[in-house]
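Trainee: got a predicted structure here, sequence first:
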Amino acid sequence: MTKQIEAKILGRDFSVGCPDNEEENLLKSINYLNHKIEEVQKIGGIIGVDKTIIMAALNITHEYLNQGNNQDIHTVGYKDKLSQLNRILDQALE
């Protein structure tokens with residue numbers, strides 16, 4: 001079953017579909033994304049919502065790819081979280 005989670009990203013409200021058992025993970029992902037967005041905004045020099053979100057996504061992707069090539073149990077979770085973040089980013093850019 002899927003339910004809607006209300007999220008605030010870059011000061012904008014979004015309604016995001018989420019399986020019942022993944023609400024906590026989605027909320028953690030949203031908080032992490034907001035944290036990364038704030039980091040990008042603090043650096044400055046980036047103008048516009050699109051560029052801010054893209055830079056935050058690149059930073060998250062860089063962190064993920066540089067964790068090493070160890071395939072462990074957590075890798076599946078990270079892939080799911082990245083998929084969720086991509087959906088959130090897609091919604092934010094629409």
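Mentor: Structure received. Residues are numbered from 1 along each chain as shown.

Trainee: and the helices in this structure?
Mentor: With helices called from DSSP state H, the chain shows them at 23-43, 49-65, 73-93.

Trainee: any idea how far the most centrally placed residue in the chain is from Ser29?
Mentor: The centroid of the chain falls nearest to Leu85 when counting by Cα atoms, centre = their mean (3.5 Å). The gap separating Leu85 from Ser29 is 6 Å, by Cβ to Cβ, to the nearest Å. Where C-beta positions appear, they are placed from N, C-alpha and C, glycine not excepted.

Trainee: figure out which of the helices of the chain is closest to Lys3.
Mentor: Nearest of those to Lys3, taken as Cβ to Cβ: helix 23-43 at 7.4 Å.

Trainee: hang on, the earlier thing: what sits against the residue nearest to the centre of the chain?
Mentor: By Cβ atoms under 8 Å, 6 or more residues apart in numbering, the contact list for Leu85 reads 29, 33, 57, 60.

Trainee: tell me how many other residues crowd the third one.
Mentor: When you say that, I think you mean Ala57. For Ala57, the neighbour count with other Cβ atoms under 10 Å is 19.

Trainee: find the nearest non-adjacent residue to it, please.
Mentor: The spatially closest residue to Ala57, leaving aside those adjacent along the chain, is Leu89, at 5.7 Å (Cβ to Cβ, 6 or more residues apart in numbering).

Trainee: that neighbour reaches Met55, doesn't it?
Mentor: No: the pair Leu89 and Met55 fails to qualify as a contact (Cβ atoms under 8 Å) at a distance of 11.5 Å.

Trainee: report how many residues lie close to Ile88.
Mentor: 20.

Trainee: nope, Pro19 is what I was after
Mentor: The burial count for Pro19: 11, using other Cβ under 10 Å.

Trainee: do you know the pLDDT at Thr75?
Mentor: Predicted confidence (pLDDT) for Thr75: 60.

Trainee: how near is Ser29 to Ala7?
Mentor: Distance from Ser29 to Ala7, by Cβ to Cβ: 9 Å.

Trainee: which residues do those two both contact?
Mentor: Jointly contacting Ser29 and Ala7 under the rule Cβ under 8 Å, 6+ apart are Ile88.

Trainee: which of the helices and strands in this protein ranks last by mean pLDDT?
Mentor: Ranking every helix and strand in the chain by mean pLDDT, DSSP states H and E puts helix 73-93 at the bottom, with a mean of 72.
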